[in-house]
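*Asks:* sequence unknown, structure follows:
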């Protein structure tokens, strides 16, 4: 009989141990998702007088030694720790168990929340204050910077600050969105969609409008830099844009919102920055009602340098989620509009004064974070040091406010309805920075390069 030696190595043991180097803070928020961390960081930056905040991505704390270091240096010296664990307990079991031990030993308030809308009793069992954990979960589910500011104020009150507790205000699962105005009624969004800048010498036959589909989570998390830039670039080329934020086109409420927008104004083109396939059967697919080309815009989940260096372009996950699966909906592979970059850890701002109240602690102190996010063009990260983001394909101006379409009153370019080249080429130009590069990228997808 022959015995075969098998060495079992867990995923955690296969990761390298890292020290995030963060100083302790009053509040600590941990999550697998960049959008959670970026949104909490933005909400904290816009609300003066809150307790100091530390943010970290759970994916960087895979190794047991990484967990032990972070728990000893940050978690055990915090006052409130919030863990939002997408995937359930088994995705970060050791970390949650160590945080729970430290919370009991040092009197830290610990809230362990699910990373989606489904209750998870296994995670809830680790929370030291179940009522508070349920309230925090409701704020996250409602989403958006306003709700996260309410959540941070609720935590400040828990730590001794004065003020009323404001309940979360949930947003619809699908809604028209404006870069400068936020959630809009459909009528106002349709009026704003006609405010494109007319091209010189163009004759007006019809007002071309592109329906832009983006994820609701990106809007709620403030991760909208690529879409602000794309909208501005399209409008500058004489193409109106109607942005719609959706949780998923498979969700009835979100699909109904898109269907209402399509019925109110049938678009000349649909640009989908949502991944996967949304078609569940041959009849009744929401985008079929638009009766126009559907172009897929890629929000690439890797750095630009990796994309440029790879012979394949997009990574395996992006190829599956943003090229192969969307083709089941009849989408045309388009162009990258953003890349994801990791930000460097920021220097600590001093140790928390645990004897002091939140009103004396953290005024003007930035949120210290380790995360990454899609974002606007150039190198500029957020002022509070939470996220460094970039999309070098198009420049992102300041978010425009909605203009009255009657103020323009000038002719828009002649673009043949149903996806003529004069519409597609400016889109490729807008998304890829130069027409030749954009068209090359689009055509290369069929040969295996995204």
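*Replies:* Looks like it arrived, so ask away. Not measured: the values here are computed from a predicted model. Numbers count the residues shown, from 1 in each chain.

*Asks:* in its sheet, what does the helix or strand harbouring residue 296 sit against?
*Replies:* Here residue 296 sits within strand 294-299, counting by DSSP states H and E. Here strand 294-299 is paired, per DSSP bridges, with strand 269-272 (parallel), strand 332-338 (parallel).

*Asks:* Tell me which residues are up against that strand.
*Replies:* Applying Cβ atoms under 8 Å, 6 or more residues apart in numbering, the external contacts of strand 294-299 come out as 226, 230, 269-273, 275, 287, 314, 318, 322-323, 326, 329-338, 340, 374, 424, 427, 431, 450. Every residue, glycine included, has its C-beta placed from N, CA and C.

*Asks:* cool, stretch 95-115 as well?
*Replies:* Judged by Cβ under 8 Å, 6+ apart, the contacts made with stretch 95-115 from elsewhere in the structure are 30-33, 36, 58, 61, 67-68, 71-72, 75-89, 120, 123-124, 126-129, 132-133, 136-137, 140, 158.

*Asks:* Just give the nearest non-adjacent residue to residue 84, would you?
*Replies:* Distances taken as Cβ to Cβ, 6 or more residues apart in numbering put residue 31 closest to residue 84, at 4.3 Å, once the chain neighbours are dropped.

*Asks:* these two touch, right, the one you found and residue 37?
*Replies:* Yes - here residue 31 lies in contact with residue 37, judged by Cβ atoms under 8 Å, at a distance of 5.6 Å.

*Asks:* how many neighbours does residue 120 have?
*Replies:* Summarising burial for residue 120: neighbours were counted as other Cβ atoms under 10 Å, giving 17.

*Asks:* Look up how far residue 16 lies from it.
*Replies:* Distance of residue 120 to residue 16, computed by Cβ to Cβ, to the nearest Å: 29 Å.

*Asks:* swap in residue 39?
*Replies:* Plainly put, residue 39 is 28 Å away from residue 16 if you go by Cβ to Cβ.

*Asks:* neighbour-wise, which of those two wins?
*Replies:* Summary of the neighbour comparison: residue 39 and residue 16, criterion other Cβ under 10 Å, with residue 39 having more neighbours (29 against 8).

*Asks:* Pretty sure the more buried one sits against residue 218.
*Replies:* No - the criterion here is Cβ under 8 Å, and residue 39 misses it with residue 218 at 9.8 Å.

*Asks:* Where does residue 102 sit: helix, strand or coil?
*Replies:* Assigned with DSSP: H, G, I helix; E, B strand; the rest coil, residue 102 falls in the helix class.

*Asks:* Now for residue 181, how many residues are close by?
*Replies:* 15.

*Asks:* State the distance from it to residue 244.
*Replies:* Here residue 181 is placed at a distance of 14 Å from residue 244 (Cβ to Cβ).

*Asks:* do residue 337 as well
*Replies:* Between residue 337 and residue 244 the computed distance is 16 Å (Cβ to Cβ).

*Asks:* go on, residue 109?
*Replies:* Counting by Cβ to Cβ, the separation of residue 109 from residue 244 is 39 Å.

*Asks:* out of these two, which sits in the busier spot?
*Replies:* Remark: of residue 109 and residue 244, residue 244 carries more neighbours, 24 against 19, as counted by other Cβ under 10 Å.

*Asks:* What residues does the more buried one make contact with?
*Replies:* Applying Cβ under 8 Å, 6+ apart, we find residue 244 in contact with 174, 175, 176, 177, 211, 212, 213, 214, 257, 258, 261.

*Asks:* what sits opposite it in the beta ladder?
*Replies:* When bridges are assigned using DSSP bridges, the partners listed for residue 244 are residue 176, residue 213.

*Asks:* Since that was my last question, I'll sign off now.
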